[in-house]
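1. build me a model from this:
(3 chains)
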Amino acid sequence: MSGHSNYEPKTGIERWLDTRLPVVRLAYDSMIDFPTPKNLNYWWTFGGILAVCLAIQIVTGIVLAMHYVPHVDHAFASVERIMRDVNYGWLIRYMHANGASMFFIAVYIHILRGLYYGSYKAPREVLWILGCVIYLLMMATAFMGYVLPWGQMSFHGAVVITNLFGALPIVGEAITTWLWGGFAVDNPTLNRFFSLHYLLPFMIAGVVGLHIWALHVPGNNNPTGVNVKSKEDTVPFHPYYTVKDGFAIVVFLILFATFVFYNPNALGHADNYIPGNPLVTPAHIVPEWYFLPFYAILRAVPDKLGGVLLMFGAIAVLFVLPWLDTSKVRSMRYRPTAKLYFLIFVVTCLVLGYCGGQLPDDHVIPGLSTFRLFDADLNSFVWLSRIATLYYFAYFLIVLPILGLTETPLPQPESISSPVLSHPANAPAGAAASPEKRG
Amino acid sequence: MADTVAGANPDTHAAGDDPNRRDFIHIAAAAAAGGAVVGLAWPFIDQMNPSGDTLALASVEFDLTKVAEGQQVTIKWRGKPLFIRNRTGAEIAQAVKDDGASMPDPQRDEDRHKPGKAQWLVLVGTCTHLGCVPTFGGGDYGGWFCPCHGSHYDVSGRIRKGPAPKNLQVPEYTFLSDTKVKVG
Amino acid sequence: MLRKGIALAALGLAVLSAPAAYAAGGALPPKHVEFSFEGPFGKFDQAQLQRGYKVYREVCSSCHSMNLMYFRNLGQKGGPFYDAKYPNPNDNPYVKTIAAEYQVKDIDSETGDVIDRPGTSADKFPNPFPNEAAARASNGGALPPDLSVMAKARHHGPQYIYSILTGYKNPPAGLKVSPGQHYNPYMNGDVTAAWSGPHDKVPPGGFIAMAPPLAAGQVTFDDGTKSTIEQQAKDVAAFISWASEPKMEERKAFGMAAMIYLIIFAGLLYASYRRIWRNVAH
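-> Numbers count the residues shown, from 1 in each chain, chains lettered A, B, ... in the order given. The predicted structure is shown next:
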């Protein structure tokens, strides 16, 4: 909760600085003294993890930019030069490439946490929307970054995505030419993508600052969804959550390290080690894994403009989520029906991701030909994508609005500290048993 | 945590139970964090050091038969000019004679070439004043003359007159054979 | 909830690592062959790299360039001619000798004419053709791909290279092979258009413009290893793998140190965390 600051400058320099620019006070109030709910579980560590991911990407990125050459004739070779000749270049490059994937793993978990625990609900709507903005900026940054090595996937991925804008009526063609800086994806496109790829992460950092500010006004949500009632419900951020976040970050870094050191190309695509060639299209163009669900939605619609609109719509619907969910109860811990629909939603996202990586006409169940429905066999990935896309939108536009009005939630605890009702599994009639960590 | 009174919060000033006290484990964890930062810092610093392909051009081999007596050949070495001069007998004698003369950076001629190879001077062709390339044979001492601010070098490459503080630098080099040197 | 979440995450990761299915493009999955450099503790076998380099030089380099390779790379740590006595690969006598065997175009600094001079460690591996058009003209319109990163440019790269080189087969009856093309069941591709047999028995693989390049005994190995096609294929696949990732050994060694450090660090932080939270009901 934003409130009175307890910071007392100890030394002369601190006092001098505090009256001129209270940065130490700001740091103290936000990261040391900040009252944080004492019941946060590990799903709450991903904010800190994301901050570390952003820092890693910026530092490795700036260093890579010292050696990378953003010209179509030299880009591919300059990346390989980094891998071979620059001291520790291989480490920095693999950290940056795998760091992007880790960034998205963390952001998806962070978003799912928000969905499950109702962190988007009042009074945190702006916090949620800022998060959606960060997500959009991340996607733009990652897309442009992937183009830079100028491999086959880089090049043809750029062709596909920039061609999407051609679907817009009237202005589409002009916009696409403007994006390209020419008649096709070529050197001007690469150069501007490099410039913007360098710029956007600093925009992300700025919006992250706003995101944390918007968080600190109401304070953190917590697994019960119940507001903080008193000081008793909180602990100071340091050392309780600095150390807990630190532990979670190191565990995350262990996962990161297994990719960087032992399987650095697992999350990429082999075709991107073939230098980009405008005259040869790879057999199966796929975006990076973190874009696969949106790729599936795009291809689910037989119409080009429809696909583009629905794909952007899938992200747009997130922005208005705070107003779609009508439930008065924040946390799905106390919404057993919603929990079920949420679980299906998560599976749907995974299914969409899987479909995005397959050929649309391939059979889902191998060898089984059923009947043709409109433009494809029913047992095809394109139909599975359509069903999954339908549920994706239904979850936000139908399920959440209706469920909030019709469901019967479980009883919520009085407060974070009240031990008995903190967890629905504990029977109210029993003794004050030690709360197990659940849900 | 089974052993707490319901609703208890840590009283950070309770004697003997303060999580902020410097317990060993916290110091160890903080030290490990510091170690990780330092350990990871090195690759990021080292990547700015010359890379493999730059170091590959760090040494160059040169065939001395290309340089006629009394002449000089200039080649590019590590991005800078390198003078390889084939001195005549008279020039060597003059250089040795001037060993005792007063000069800003006194040095004997025999310390500026390889033993038994007084004929060959290998020097970095950058004026030690502000980095211009001195011209061959100019100046009052028959060595080199730097047109930028008027530094005069003698036939041993020593600064004799003008603003340059030091003699022309002798790089690390070896004779691979009588007719081949490796510089760098 | 945590258990459910972890189960979901595991499912997700398993699902997302599945895309191998379509990547093969109708070809047979690559043959099973093991290399010394695989696994977290893998190392390149220097003798194998030397044999592989010889195969590349004597067979492959007449058509395939390796534009990202320099002669000095051969003398680097982990490379075929690394010698601990010469930590700087530019001093390595093998490297200098090999480089000097090639004539490289250069400009005469006095006359400005184009001249030939012996290669040095700083020069690149020579390109068999001056440009793409010449390469295609000499190979029936097909462009022999550059091999510098070939082991990373194909799924299961080392095994793929081995399989292609050892996998040539006579085309089954009913498969029409155009002149200048060759059938290889391990080649990514689709032969349906050239197949006149039953629909459900389309042969796996595709057409490759390269004729079977290896022959038994064609490259004599100086260490006495029997020069079978399989041996040559394995050795050149290892060499190409090294060329694709010369820093692999360094990466795995650094990784071992990093993992140990991180695991200990995580343990310390966990203990610190438990100590701090000892008396808090949460």
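
2. where do the helices sit along chain B?
-> For chain B, applying DSSP state H gives helices covering B:24-46, B:52-56, B:89-97.

3. try the stretch 151-282 of chain C
-> C:157-166, C:229-244, C:248-276 (DSSP state H, counting those that start in this stretch).

4. center of chain A - which residue?
-> A:Val107 (3.0 Å; CA atoms, centre = their mean).

5. ok, for residue 83, nearest residue in space, not its chain neighbours?
-> No chain in the question, so chain A it is. Spatial nearest neighbour of A:Met83, chain neighbours left out: A:Trp90 (4.9 Å); criterion: CB to CB, 6 or more residues apart in numbering or on different chains. Yep, even glycine has a C-beta here, placed from its N, CA and C like the rest.

6. other chain: chain C
-> C:Asn92 (5.8 Å).

7. the one you found touches C:Phe81, doesn't it?
-> Yes - look at C:Asn92 against C:Phe81 with CB atoms under 8 Å: they come within range, at 6.2 Å.

8. neighbours of the residue nearest to A:Ile365 when sequence neighbours are not counted, how many?
-> In space, A:Ile365 comes closest to A:Asn379 once its chain neighbours are excluded; the distance is 5.6 Å by CB to CB, 6+ apart. Around A:Asn379 there are 18 other residues, counting by other CB atoms under 10 Å in any protein chain shown.

9. and the gap between A:Asn379 and chain B?
-> 50 Å (CB to the nearest CB, to the nearest Å).

10. contacts only, for that residue.
-> Neighbour list for A:Asn379: A:363-365, A:368-370 [criterion: CB atoms under 8 Å, 6 or more residues apart in numbering or on different chains].

11. what's the burial count for whatever residue of the stretch 51-200 of chain C ends up closest to chain A?
-> Using CB to the nearest CB, C:Ala153 is the residue of the stretch 51-200 of chain C that sits closest to chain A, at 3.7 Å. Neighbourhood size, C:Ala153 [other CB under 10 Å]: 21.

12. right, and it touches A:Tyr273 too?
-> Yes - when contacts are counted by CB under 8 Å, C:Ala153 is listed as touching A:Tyr273 (3.7 Å).

13. what touches both of the two?
-> With CB under 8 Å, 6+ apart, C:Ala153 and A:Tyr273 have common neighbours C:Ser244.

14. you'd agree A:Ile58 is in a helix?
-> Yes - secondary structure of A:Ile58 (DSSP: H, G, I helix; E, B strand; the rest coil): part of a helix.

15. could you dump the helices of chain B to CSV with mean pLDDT and mean neighbour count?
-> CSV is the format used below for the helices of chain B (pLDDT from 0 to 100; neighbours: other CB atoms under 10 Å in any protein chain shown):
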stretch, mean pLDDT, mean neighbour count
helix B:24-46, 94, 14
helix B:52-56, 84, 17
helix B:89-97, 92, 16
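
16. would you reformat these as a markdown table and include distance to chain A?
-> A markdown table is the format used below for the helices of chain B (distance: least, CB to the nearest CB, whole Å):
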| stretch | distance to chain A |
| --- | --- |
| helix B:24-46 | 4 |
| helix B:52-56 | 3 |
| helix B:89-97 | 42 |
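
17. do you know which of these lies nearest C:Phe221?
-> Each of these was scored for nearness to C:Phe221 using CB to CB, and the closest is helix B:52-56 (29.1 Å).

18. so the closest one, near chain C or not?
-> Yes - contact of helix B:52-56 with chain C (CB under 8 Å from any CB of the partner chain) involves B:52-53, B:55-56.

19. ok, which pair from those residues is furthest apart?
-> Spatial extent of these (CB to CB) is set by the pair B:Asp53 and B:Leu55 at 7.4 Å.

20. hang on, the earlier thing: and which of the contacts of A:Asn379 is nearest to A:Asn227?
-> Using CB to CB, those come closest to A:Asn227 at A:Val364, 45.5 Å.

21. and that closest one, what does it touch?
-> By CB under 8 Å, 6+ apart, the contact list for A:Val364 reads A:379-381, A:384.

22. and what of A:Val399?
-> Residues near A:Val399 by CB under 8 Å, 6+ apart: A:Tyr341.

23. please report how far it lies from chain B.
-> For A:Val399, the distance to chain B - CB to the nearest CB - is 37 Å.

24. one more: A:Leu403?
-> For A:Leu403 relative to chain B (CB to the nearest CB), the value is 33 Å.
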